[in-house]
Each structure stands twice: as structure tokens, then as C-alpha cells.
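> 3D model of this:
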Amino acid sequence: MPKNSAIDDAPAVRTTAPRSLWLLGPALVAGVAYLDPGNVASNMTAGAQYGYLLVWVVIAGNVMAWLIQYLSAKLGVVTGQSLPEMLGARLRRPWARRAYWLQAELVAMATDLAEIIGGAVALNLLFNVPLLLGGLITGAVSMVLLAVQSRRGPRHFEFVIIGLMAIITIGFVAGVFVAPPDPAGVVGGLVPRFEGTGSVLLAASILGATIMPHAIYAHSSLARDRFGSAASHAETEAVRTETSRIRRLLTATRWDVSIAMVIAGSVNLGILLLAAANLAGVAGTDSLEGAHAALAASLGPVVATFFAVGLLASGLASTSVGAYAGAEIMHGLLHVRVPLLARRLVTLIPALAILWAGVDPTLALVLSQVVLSFGIPFALIPLVALTAQRRTLGPWANRVWTTVAGVTASVLLIALNGALLWLVLTGA
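Residues are numbered from 1 along each chain as shown. Sure thing, here's the model as predicted:
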């Protein structure tokens, strides 16, 4: 069983393998956020410009992501409420709820922007589709995926997203097997260090693209949708049964988050290693189009096509999850339930407007990461605070070391995102 000394939940209970496997899924869906086009751009640029130097950053980000996503899922499993719902209930003043919703909504829209643009770029690379038309196609396909969630339920939606995750994995990692990285370089990259301001900026970009606010909101909602409310503290036989159920669900959740983070971390590391081994010093690799062209020149059209297919699957899967997160944010904070498909149509407008205006896709991706940096504290701080409260989670509340680990990760991520924001805005 995956264990972490900072995690203090009750001991796991034995379950049969088939039954445990059926409980997996929410973390794999939320984990798609760690494989979006913003991650691809950051890791590809890091490998091309600095070789194996920032391998340790990808691994450290993945470890922090494990803890954060587990806490989000635990909140949904134990309380039967999402993080936005809990915040909506605690922010009693309407203006406070609306202000919080506004920043969260901007974060969700920025996420969607990056993912629609990534899908449009992929279609352009694969089929020479104009970017605006590619954005429309990406949005239309994401609407089909959201229709699956609305009409067939969360389990069918999970199957579709997990299938896309498999395509993403193959697409981005295939090149590593064609041209393997240098083992000594990989080992050297495990030593934490930087080489100048540029490497610090890229490290902040990698972590900023890794821990995304909408993934934190979405995971608690996905866990709630799958498992419903498990909260109850009365001393009855029913509660003893419910306690056993929570224990089993949290055990499955640890497995779910572990599997999702191993996949996401391996793919992100694979992207960096692919660039480090084959694109080091190659000009133009700071854009998705440039990276694709460089891969085609270095490793051939097949690997480049795999990369573009992975990018397309990344855009489709992550934009669907982003739209789901945005709908949950609005419902939890404003108590307004907008149909997913209607919301999808509205949130397409900013991305399509940017594509229509001819804004450079890479610049749009960078700016979207800046907006995401603003939202990190608003998601992380409440999550750690709520999961540390016994009045919220009862016996499932974090122990001291869990809270210390959560606070440490939060402070580090907020500081690095602040550094990213400052470096981008000042041009340092």
C-alpha cells in the first residue's frame, strides 16, 4: 500500500483487488491537469535550454502534487462536499463569495485558454488546420466529452479521460525509447541546483504548471461525485460501518493518487528528458511549434507525429476537466448550477477571440500561467486549513506532520509562483 509518514489516516482495510480497482478513477481524471499544454511547453523548454539540470524540479513538484491532491480527495471523500462548496458555506458575506468566485473563475478560464490553444496548435501541426478552426474543433470535441459526463455519469467520463491519458503518455514518451537519455546526466539532474536567473524562471514555470488551482477544486468534486457523503460522527453501529467505508475509500484514494502522480510525473519527466537528450541548444524550442519541428528534424516525422497526437489528446482531456472544475466552482460559491455544455460555449469565447486576433500561441500560454499564479494561494491555503480541522474531518483530520508538510509545500509553491509572476512582469 502506498504510505506516507505525513499522512495519518486510519489503517487500511483489506479489500479484494477487483473491488479496489473499481474505486480508482477520480485522481486519474484530476491528474490530466498535470499533463496539459502548459506543462509540455515548460518541460520541453527546460530540457532544451538546460539539459538535465531541472530533473529534480519535476520530481519535487510531483511529490508535492501527491500530497495536495490527496488532501483534496480526502476532503471530498470524508465530507461529501467539494472545496468550493465548503468555502461557499463558510464565506457568509455575499461580496466575499463573489470576490472569491471571480478569482477562481479567472483561473478556470486561464486554464481553459491554454488547453484550447494547445489543442488548436496540435491540429495545426497534424493537419495544417488554421488555429481558429482548430480551437473550434477542440471546443466541440470537449463538449462531446462533457456530454458523456452529464448524461452517462462520472464513471463513463473517467473511462474516456483515462483513455486520453494513455494516448498522452504514449505520444510524449515514445521519443524517449527511440533516443534514450544519458543515465549519468539523469542522475546528475537529481542534485538540486540552478544556473542563472533563466533556470530559476523555468523551475518556477514547471512548478507553476504542475500545481494548478483548478485541479485542487476538481479533485474534491470528483471524489464527492463518485463516493458521496461519508461524514458522520455519532456513536452508532451505522457509523462504525461508515468508518470502515471511509477507511476503505481513503486506502483506494491513496492508490488512485499514487498511480495518477506516477503517470503524470513520468510523462513530464519524459518530456524533459526527450528534449535534454535530443534538442539541447536547438533554437526555437521555446514554442510548441518549434519543439515539433526540432523533433522532426532530430528524430524523424514519426516521433514528431506522436508528439503532436499527445498534445492534441492533452488539450482535449485537460480542457474537459477544466470546464468541469469551472462549473463546480460556480455551483459551490454562487449556488448557481449552469449546465456544463452551456458553460463550455461561454468559456470558449476568450480562447477563440485570442486565436482570431492572431496572438502568438506561446505568448498566450505564458500569460495564462501568470494568471494561474494568482490563484494558487486561494486554493492551497483553504485546503490545508480545512483538512487540518477536526470539526470538519473529525478523526480523519490531518495530524501535525501532515499539516506541516502541507504548509511547507504551500509556502514553497506560493513563493515560486510569486517569483514567476515577478520575473515575467518585470522581464527579468
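> Leaving out chain neighbours, which residue sits closest to Arg155?
Gly25 (6.9 Å; C-beta to C-beta, 6 or more residues apart in numbering). Glycine gets a C-beta too; all of them are placed from N, C-alpha and C.
> Where does pLDDT dip in this structure?
1-22, 228-241, 366, 369-370, 420-421, 424, 427-428 (pLDDT under 70).
> just the strands in it please.
Ranges of strands in the chain, per DSSP state E: none exist.
> which helix is the longest one in it?
For the chain, the helix with the greatest residue count under DSSP state H is helix 237-278.
> Which strands or helices does that one pack on?
helix 17-22, helix 26-30, helix 37-50, helix 55-79, helix 154-178, helix 183-188, helix 288-299 (3 or more C-beta pairs under 8 Å, 6 or more residues apart in numbering; DSSP states H and E).
> just the angle between that helix and helix 55-79, please?
With axes from the mean of the first three to the mean of the last three C-alpha atoms, to 10 degrees as the basis, helix 237-278 and helix 55-79 are set at 160 degrees to each other.
> give me the number of residues near the closest residue to Gly189 other than its chain neighbours?
Sequence neighbours aside, Val55 is the residue nearest to Gly189 in space, at 2.9 Å (criterion: C-beta to C-beta, 6+ apart). Look at Val55: counted by other C-beta atoms under 10 Å, it has 25 neighbours.
> can you pull the contacts of Val55?
Val55 makes contacts with Val186, Gly189, Leu190, Leu269, Leu272, Leu273, as judged by C-beta atoms under 8 Å, 6 or more residues apart in numbering.
> before we move on, the earlier item: next one: the residue nearest to Arg155 from Leu345, what distance?
Using C-beta to C-beta, to the nearest Å, Gly25 is found at 27 Å from Leu345.
> quick one: which of those two has more around it?
Neighbours around Gly25 and Leu345, counted as other C-beta under 10 Å, are more numerous at Gly25. The numbers are 22 against 12.
> For that one, list the residues it contacts.
Pro154, Arg155, Glu158, Ile162, Leu222, Arg226, Asp256.
> next one: Phe306
Contact analysis of Phe306 by C-beta under 8 Å, 6+ apart lists Ile170, Gly171, Phe172, Ala174, Gly175.
> thinking the second one is in contact with Val303, fair?
No: taking contact to mean C-beta atoms under 8 Å, the distance of 9.6 Å between Gly171 and Val303 leaves them out of contact.
> what about the residue nearest to Ala276 when sequence neighbours are not counted, distance to Arg343?
Leaving out its chain neighbours, the residue that sits closest to Ala276 by C-beta to C-beta, 6+ apart is Gly47, at 3.9 Å. Gly47 sits 36 Å away from Arg343, going by C-beta to C-beta.
> repeat for Val178
Distance of Val178 to Arg343, given as C-beta to C-beta: 41 Å.
> Of the two, give the one with the bigger neighbour count.
Shown here are Val178 and Arg343; by other C-beta under 10 Å, Arg343 has more neighbours (19 against 16).
> With adjacent residues omitted, what lies nearest to the more buried one?
Ala327 is the one closest to Arg343 (C-beta to C-beta, 6+ apart), at 5.2 Å.
> How many residues are close by Gly290?
Using other C-beta under 10 Å, Gly290 has 18 other residues around it.
> quick one: contacts for it?
Here Gly290 is in contact with Ala283, Gly284 (C-beta under 8 Å, 6+ apart).
> change it to 6 Å
By C-beta atoms under 6 Å, 6 or more residues apart in numbering, the contact list for Gly290 reads Gly284.
> before we move on, what about Pro192?
The contact partners of Pro192, by C-beta under 6 Å, 6+ apart, come to Trp56.
> rerun at 8 Å
Applying C-beta under 8 Å, 6+ apart to Pro192 gives the contacts Trp56, Ala60.
> Val144 versus that one, what's the distance?
43 Å.
> Likewise for Gly185?
For Gly185, the distance to Val144 - C-beta to C-beta - is 42 Å.
> and these two? which has more neighbours close in?
Between Gly185 and Val144, counting by other C-beta under 10 Å, Gly185 is the more crowded of the two (16 against 12).
> my read: the more buried one touches Ala276, true?
Yes: under the criterion of C-beta under 8 Å, Gly185 makes contact with Ala276 at 6.8 Å.
> what sits in contact with each of the two?
Contact criterion C-beta under 8 Å, 6+ apart; residues shared by Gly185 and Ala276: Gly51, Tyr52.
> show me the contacts for Ala260.
Counting by C-beta under 8 Å, 6+ apart, Ala260 makes contact with Ala27, Leu28, Ala30, Gly31, Gln69.
> wait, what's in contact with the nearest residue to it once chain neighbours are set aside?
Closest residue to Ala260 apart from its sequence neighbours, by C-beta to C-beta, 6+ apart: Gly31 at 3.4 Å. The neighbourhood of Gly31, defined by C-beta under 8 Å, 6+ apart, consists of Gln69, Met165, Ala215, Ala260, Met261, Ile263, Ala264.
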